[in-house]
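**Q** What follows is a predicted structure for the sequence shown.
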Amino acid sequence: MDNRAKWASAATMAWLAGTALVIAMNWEKFNAMELNAVGDFLAGAVSPLAFLWLIVGYFQQGDELKQNTQALIIQAEELRQSVAAQQSVAESSREQIRLHMEQKNELIMKEKKERKILPTNESRKLPMVMVDAKNRPYLMAVTIHNGGGRASNLLITSHSEYTTIEQNTFPKFDNANPITFNLRDLPPQTSFVGDLIFSYSDSIHEQCDDVYYFVIFRREFALFATHDNATNYLARRTLLGQGLEVGQ
């Protein structure tokens, strides 16, 4: 009970006590009154109390509305904080999913890279070369080693205009089994860059197509992973072959 209700209750008690005292002091007159006069008297005596409690009820209703408003404001703030917390959790979940997918993709790419072959010709010594009557090379035997993953059903092709590959299919290609094939129809100028396309099934039987680039320079064969490396190597070898130092 708030202070207004307490004061109103005290005033009501005092008013009723005063009314009772007035009636007691004038009991003979009160007892002689007709019923309608008694009713008018009591109505007049109680009407101030009704007005008093009407005012008290008005203020109490206002206080309750204010409390309800405050409660709604608190609930709205709690809801806002809850939404913000859920958004934060959702953002954190999205970030975790993104990191998980990145890690998964990195792992997939790493595993895929590990499964790929790594063809190399380690020695780069002069291979066997056959020449025609004008001393022009037309066949070169090339041996390739694999420093990468195990491959099967290997097929080697080329887009090079002057290169024909003999014996270009191999059932397997791994670290313990190098392969040898012949390059035919080499051009008279024996210094050029060509490509080799290695098509194979990796260790989990996925089909792969890897492009490497080779350089033939004066009957020497060298293999590279990129075209830029191959052309740079040919330019460097050409300068050295002319008796110039690279960068001179």
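**A** Received, thanks.
**Q** Nearest to the middle of the chain, which residue? Look it up for me.
**A** Arg98 (2.3 Å; CA atoms, centre = their mean).
**Q** And that residue, how far from Lys104?
**A** Distance, Arg98 to Lys104, by CB to CB, to the nearest Å: 11 Å. Yep, even glycine has a C-beta here, placed from its N, CA and C like the rest.
**Q** got it, and Ser88?
**A** Counting by CB to CB, the gap from Ser88 to Lys104 is 24 Å.
**Q** And the residue nearest to the centre of the chain, how far from Phe30?
**A** For Arg98, the distance to Phe30 equals 90 Å [CB to CB].
**Q** how far out from the middle of the chain is stretch 82-93?
**A** 16 Å (CA atoms, centre = their mean, to the nearest Å).
**Q** So for that stretch, what gets flagged as buried?
**A** Neighbour counts over stretch 82-93 (16 or more other CB atoms under 10 Å) mark no residue as buried.
**Q** Give me the contacts around that stretch.
**A** Taking CB atoms under 8 Å, 6 or more residues apart in numbering as the criterion, no residue outside stretch 82-93 touches it.
**Q** Which is the succeeding secondary structure element to the helix or strand of the chain with the lowest mean pLDDT?
**A** In the chain, no helix or strand scores lower on mean pLDDT, DSSP states H and E than strand 129-131, which sits at a mean of 61. Elements were assigned by DSSP states H and E; along the chain past strand 129-131, the next helix or strand is strand 137-146.
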